[in-house]
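> this is the structure alone, sequence omitted:
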């Protein structure tokens, strides 16, 4: 877009004229312009970005910045030197020492998308013209900051000043040279002659010695408070440690007592249980109350004189009808019985115990077995088992206990059973 830009140069003159009243050369420069469109009308209001560049006669850029400006009724105002440098930081003012040369400098201005104007020469303003020649020096306007170190020599001093230096006094004041100054303040009491600024937190003294003493007392008092606090805290920690040790001992004793009590309880429970439970291989004593229960699946008898085997049937199983079957059978031996019908009696000896079949009776020196052959009696030991009117094949006899079950008289032995077939 081709736009026109018109500079209002009087604004710069007014700015520098106002700065002259402050007695210093400003490091900023005022700029104003008015922007028109191709029809000669001021452009619309709104923000825009303005770029300012100061270049030399060869077009080399020696200063550059950008600013965000507001256009109002076509007018644009900016303070060159308050913008943003190309690296993103604040420009911090125009370095006016670059203008000390004799070559002219130019200002390039570009606003938004508008066509840039031609270069504008930076001309001398009234302030700079007056600053070029100093007619006189204002009284007391030059201080030590304006005098270069070492630039004043003895020839620049007045005769009276030189005379005072020789006597070592200026008026009622004593002059101390470097070596004398070092010696004067090398002694401890010299600290009383050095002043300090008022308003210290721990001292209201006006000299260094007094301030140091006050600070020393404050530090000492604080150290004493810290020592007392440390002593108190140490005692509390020791007491807490003792309490913890006592608590640990008490809990350890309680744990030991509990463990002992627990072991005693477990031992007692084991004793109580041992009266009711028997492990494999343990001996059984006392009365065994089966409470109408039956013992099944017993192992083979060790021997006929085994007390356990005599108490419990060792070769039995439960029939489907609930009856007891005896299946132990030994080899028969035959001999004559002179007191009965003369038929051969079938008996056998098993570990000192005689067994007899039906329709027979047997007799030995140790054990008397009497049976009535006709009624199919089966005998064991000294107890008679008689079955009336039923085939003996289903008969089972046990010794030392008798019970009638379903009209069948059965004798229950300790452990030894037989089956007659």
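Cool, the structure landed. Owing to the predicted nature of the structure, the values given are computational and were not obtained by experimental measurement.
> give me the number of residues near the residue nearest to residue 81 when sequence neighbours are not counted?
Closest residue in space to residue 81, ignoring its immediate chain neighbours: residue 28 at 3.5 Å, by Cβ to Cβ, 6 or more residues apart in numbering. Heads up, the C-betas are built off the backbone N, CA and C, glycines and all. Each residue near residue 28 was counted by other Cβ atoms under 10 Å, and the total is 18.
> got it, and residue 222?
Residues lying near residue 222 (other Cβ under 10 Å) number 11.
> can you check residue 159 too?
Number of residues near residue 159 (other Cβ under 10 Å) recorded here: 7.
> and if you look at residue 29?
22.
> from what I can see it touches residue 78, true?
No - counting by Cβ atoms under 8 Å, residue 78 is not a contact partner of residue 29; they are 9.3 Å apart.
> residues contacting the residue nearest to residue 81?
With contact taken as Cβ atoms under 8 Å, 6 or more residues apart in numbering, residue 28 is in contact with 79-82, 93-94.
> at 6 Å what do you get?
By Cβ atoms under 6 Å, 6 or more residues apart in numbering, residue 28 lies in contact with 79, 81, 93.
> hang on, the second one packs against residue 96?
Read that as residue 81. No - with contact defined as Cβ atoms under 6 Å, residue 81 does not reach residue 96; the gap is 9.4 Å.
> the two: which is more packed in?
residue 81 (22 against 14).
> phi, psi of that one?
The phi and psi torsions at residue 81 (degrees, to the nearest 10) take the values phi 120, psi -20.
> who touches both of residue 81 and residue 96?
Residues touching both residue 81 and residue 96 (Cβ under 6 Å, 6+ apart): residue 27.
> returning to that earlier point: where's the dip in pLDDT among the contacts of residue 28?
Least confident of these in the model: residue 93, at 84.
> just the helices from the stretch 101-250 of the chain, written as ranges.
Counting by DSSP state H, counting those that start in this stretch, residue ranges of the helices within the stretch 101-250 of the chain are 126-131, 159-167, 178-184, 208-274.
> average pLDDT across the third one?
Computed over helix 178-184, the mean pLDDT rounds to 64.
> surely residue 192 touches residue 209?
Yes - at 4.3 Å, residue 192 counts as touching residue 209 under the criterion of Cβ under 6 Å.
> and these two? Which one has more around it.
Neighbours were counted for residue 192 and for residue 209 using other Cβ under 10 Å; residue 209 has more, 16 against 13.
> quick check: that one touching residue 191?
Yes - if you go by Cβ under 6 Å, residue 209 and residue 191 touch, sitting 3.8 Å apart.
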